[in-house]
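S.K.: Could you work out the structure for the sequence below:
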Amino acid sequence: MKRTCIYNVIFFLLIISLGGCYPNDIHSTSTLLPPTIFPSSSPTLTTVPIPINQVAYGQWDVHYMHYDILWLANSDGSDRQVAFDWLGFTEDFSFMPYGSGMFVWTNEAPGGYSKRYIQANLVTNLPGPCVTCLIEGVTGYPPIPSPQGEKVAIKSRSGLYISNVDGTGAQLIIPEDERILYVSWPPSWSPDGQYISVDLLIEGSGLHIFSIRSDGIDLVNLTKAQNSNGDFASSQWSPVGNRIAYISGDYTVRTMSTNGTDIHIIAEIIPDTEVWSAGTYSAPQWSPDGSKLLFYSAVESGGRADIIVINADGTGWINLTNTPDAREWNPVWSPDGSQIAFLTNRDGNDEVYVMNADGSNPVNISQSPDTEEDYPRWRP
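M.R.: As a prediction, the model looks like this:
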């Protein structure tokens with residue numbers, strides 16, 4: 001199977017065997033290198049909210065492992081269009097604040113830079129400023145904007161950066177070094193934009209979930225006291241702001257308070273071996289009101305993955321797709337919580353579907369029987 005949602009899972013399955021001990025207590029950036037500061041200026045991005053119910057997704061090139069085309073379509077499948085007619089292939093993408101544009105990877109960034117993320121305006125269909133040109137060693141992972149749209153988190157081979165939304169004022173807040181081996185992606189912003197939860201691979205201890213202030217202060221290991229092979233990943237901050245959802249090494253969906261206490265096991269995941277063997281799985285997705293969690297799981301050992309929704313307290317498990325002869329994965333809520341976009345191979349290839357939040361009225365919005373589609377994302 002082609003690559004699906006790879007962000008913070010590349011190391012998850014590989015490091016299960018590393019468990020058994022916990023990292024040394026890490027409480028502040030006194031254990032880290034001094035922050036690296038680049039020249040700062042005020043962000044130039046100005047946007048207004050665009051209330052539109054659209055889904056973006058990529059047409060996947062299995063051979064070259066990138067998106068040949070970025071598509072936009074309404075949630076009922078109508079008005080399907082190429083997002084940017086000037087953009088060649090792209091490694092990945094994410095939406096800019098308020099949905100007025102995207103961060104897209106391009107081989108021809110402004111200023112002569114190559115292989116960088118730039119802003120791309122969906123209103124004017126024009127390329128904008130280079131967001132990552134001031135940072136060395138930027139990877140193919142897309143920038144993740146804060147809820148307020150003022151900052152973005154950026155992944156480089158050096159670690160985790162925070163910058164203004166136009167790429168200025170970049171600060172390295174978590175460097176990768178001999179102790180922090182890898183910063184997994186993507187991080188998750190707190191609703192107020194003051195904190196980030198991020199999964200870090202710690203030497204000798206496996207993958208753990210940390211929180212850190214967006215200014216680089218107070219790096220805290222939230223899962224150091226938990227015993228689950230030392231592997232915890234896919235942290236997602238609740239939109240309410242009081243809980244963090246994540247997946248543990250024993251294949252359980254859990255939630256905890258934002259200081260790492262009050263741990264609840266919400267559900268057990270049965271891995272779909274076809275999907276999990278590729279090192280991919282779905283982070284638990286909070287509903288916009290924080291009352292439910294969305295993920296995918298097989299319903300029996302050896303089975304194919306279905307889309308599951310469950311109440312945030314662990315009650316009310318519902319299989320929304322229930323397709324024994326097909327698999328569904330990478331579900332994402334619409335901004336208002338009324339619909340869910342997901343990937344499925346029920347038509348013989350990987351297509352993007354949208355269904356109502358109760359599982360009714362599934363619609364194939366990609367309608368591309370001769371190509372493979374990947375990882376839908378809702379326009380904010």
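
S.K.: Could you list the low-pLDDT ranges of the protein?
M.R.: 1-52, 61-66, 109-114, 227-230, 273-282 (pLDDT under 70).

S.K.: centroid residue for it?
M.R.: Taking CA atoms, centre = their mean, the centroid of the chain lies closest to P186, which sits 4.6 Å from it.

S.K.: residue ranges of the helices in the stretch 151-300 of the chain, please?
M.R.: Per DSSP state H, counting those that start in this stretch, the stretch 151-300 of the chain carries helices over the ranges 273-276.

S.K.: can you give me the strands in it?
M.R.: Counting by DSSP state E, counting those that start in this stretch, the segments of the stretch 151-300 of the chain that form strands are 151-156, 159-164, 171-175, 180-183, 188-189, 195-202, 206-213, 220-221, 232-237, 243-248, 252-257, 264-268, 285-286, 292-298.

S.K.: okay if I get those as TSV plus mean neighbour count?
M.R.: No exception for glycine: its C-beta is placed from N, CA and C like everyone else's. Formatted as TSV, the strands of the stretch 151-300 of the chain follow (neighbours: other CB atoms under 10 Å):
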stretch	mean neighbour count
strand 151-156	24
strand 159-164	23
strand 171-175	21
strand 180-183	20
strand 188-189	22
strand 195-202	25
strand 206-213	24
strand 220-221	20
strand 232-237	25
strand 243-248	25
strand 252-257	19
strand 264-268	15
strand 285-286	22
strand 292-298	23
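
S.K.: Dump those strands into a markdown table; add distance to D358 as well.
M.R.: Listed next are the strands of the stretch 151-300 of the chain as a markdown table, based on distance: least, CB to CB, whole Å:
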| stretch | distance to D358 |
| --- | --- |
| strand 151-156 | 33 |
| strand 159-164 | 37 |
| strand 171-175 | 40 |
| strand 180-183 | 37 |
| strand 188-189 | 26 |
| strand 195-202 | 29 |
| strand 206-213 | 31 |
| strand 220-221 | 38 |
| strand 232-237 | 22 |
| strand 243-248 | 21 |
| strand 252-257 | 20 |
| strand 264-268 | 18 |
| strand 285-286 | 16 |
| strand 292-298 | 11 |
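
S.K.: To G99, which of those strands lies closest?
M.R.: Ranking the strands of the stretch 151-300 of the chain by their distance to G99 (criterion: CB to CB) puts strand 151-156 first, at 15.0 Å.

S.K.: In terms of secondary structure, what does the closest one contact?
M.R.: strand 144-145, strand 159-164 (3 or more CB pairs under 8 Å, 6 or more residues apart in numbering; DSSP states H and E).

S.K.: Which one, of the strands of the stretch 151-300 of the chain, ends up nearest to K115?
M.R.: When the strands of the stretch 151-300 of the chain are compared by CB to CB, strand 151-156 sits nearest K115, at 11.9 Å.

S.K.: how about that closest one as CSV, C-alpha atoms only?
M.R.: Written as CSV, here are the backbone C-alpha positions of strand 151-156 (Å, rounded to 0.1, in the frame of the first residue of the first chain):
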residue,chain,number,x,y,z
LYS,A,151,2.7,31.5,14.3
VAL,A,152,3.6,28.3,12.5
ALA,A,153,5.5,25.2,13.7
ILE,A,154,8.2,24.0,11.2
LYS,A,155,10.2,20.8,11.1
SER,A,156,13.8,20.7,10.0
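
S.K.: Now do the same contact list for the nearest residue to H264 once chain neighbours are set aside.
M.R.: Spatial nearest neighbour of H264, excluding adjacent residues (CB to CB, 6 or more residues apart in numbering): T255 at 5.0 Å. T255 makes contacts with 238, 243-246, 263-264, 266, 293, 312, as judged by CB atoms under 8 Å, 6 or more residues apart in numbering.

S.K.: next one: S158
M.R.: With CB under 8 Å, 6+ apart, S158 has these contacts: 36, 135-137, 172, 175-176.

S.K.: Kindly give a single ChimeraX line that selects the buried subset of these.
M.R.: In ChimeraX, this line selects whichever of those come out buried by 16 or more other CB atoms under 10 Å:
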select :135,172,175,176
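
S.K.: Need the phi and psi values for the nearest residue to D289 once chain neighbours are set aside.
M.R.: Nearest non-adjacent residue to D289, counting by CB to CB, 6+ apart: G337, 6.1 Å away. Dihedral pair for G337: phi 80, psi 10, per degrees, to the nearest 10.
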